[in-house]
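Q: starting from these lines, generate the structure:
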Amino acid sequence: LGGPGGVPLWLSNSRLLPGPRMFFESLFLRGVLRDGDLDPVCVNYLEGLPPHGAVLVLEEIANLDLFRIRNLTAFFIGICKRVAAREPPPPGRPLRPDFSPPRMATRGGRMSLGLPAPRPYSLSPPRGGPGGGYN
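A: Numbers count the residues shown, from 1 in each chain. As a prediction, the model looks like this:
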């Protein structure tokens, strides 16, 4: 369910500073964006940018032909990452916002998502000879 006037709750409840928040809300209020066009994670990326960087991202979104973009969330995050690479960090934030995907654990020199290793398979013929039958 959306917040006041069609603004998504995830945006209404965000920690964005007033300037970027009002600009972002205006995109929904003017119908440039609709609730459901973006995943809530988008606001996290904006929160990691200085206010003028967040406004740059939103200005770019506002000036796009959104109907030509298949995955608007991925596109939005890509713009945030590009802006973050050029911008100094906001006060009180680390030198560079961590816009990287979750880190993968290494297991025996191999990358892993913490799942068990796949079972090795054999290229030898099945037991019972080439026909595969058991005698």
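
Q: quick check: Arg34 vs Phe28, distance?
A: 7 Å (C-beta to C-beta, to the nearest Å). C-beta here means a position set from N, CA and C on the backbone, and glycine is covered the same way.

Q: what about the top helix by length along the chain, average pLDDT?
A: Secondary structure of the chain per DSSP state H: the longest helix is helix 72-86. Per-residue pLDDT values over helix 72-86 give a mean of 94.

Q: next: stretch 50-69.
A: Stretch 50-69 comes out at a mean pLDDT of 92.

Q: for the chain, just list every one of the strands.
A: Using DSSP state E, the strands of the chain run over 105-107, 110-112.

Q: give me the neighbour count for Pro18.
A: Look at Pro18: counted by other C-beta atoms under 10 Å, it has 8 neighbours.

Q: and the closest residue to Leu72 other than its chain neighbours, how many neighbours does it have?
A: The shortest distance from Leu72 to any non-neighbouring residue, by C-beta to C-beta, 6 or more residues apart in numbering, is to Asp37 (5.5 Å). Asp37 is flanked by 17 other residues according to other C-beta under 10 Å.

Q: look up phi and psi at Asp37.
A: Phi and psi for Asp37, reported as degrees, to the nearest 10, are phi -70, psi -30.

Q: pretty sure it contacts Leu64?
A: No. Asp37 is beyond contact range of Leu64, at 11.7 Å (criterion: C-beta atoms under 8 Å).

Q: for this structure, which segments are assigned as helices?
A: 9-12, 18-29, 41-47, 51-62, 72-86.

Q: alpha carbons of the shortest one, as PDB, please.
A: The C-alpha atoms that make up helix 9-12 are tabulated as PDB, following Å, rounded to 0.1, in the frame of the first residue of the first chain:
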ATOM      1  CA  LEU A   9       5.500   3.800   2.200                       C
ATOM      2  CA  TRP A  10       9.100   2.800   1.800                       C
ATOM      3  CA  LEU A  11       9.800   6.300   0.500                       C
ATOM      4  CA  SER A  12       7.700   8.000   3.200                       C
END
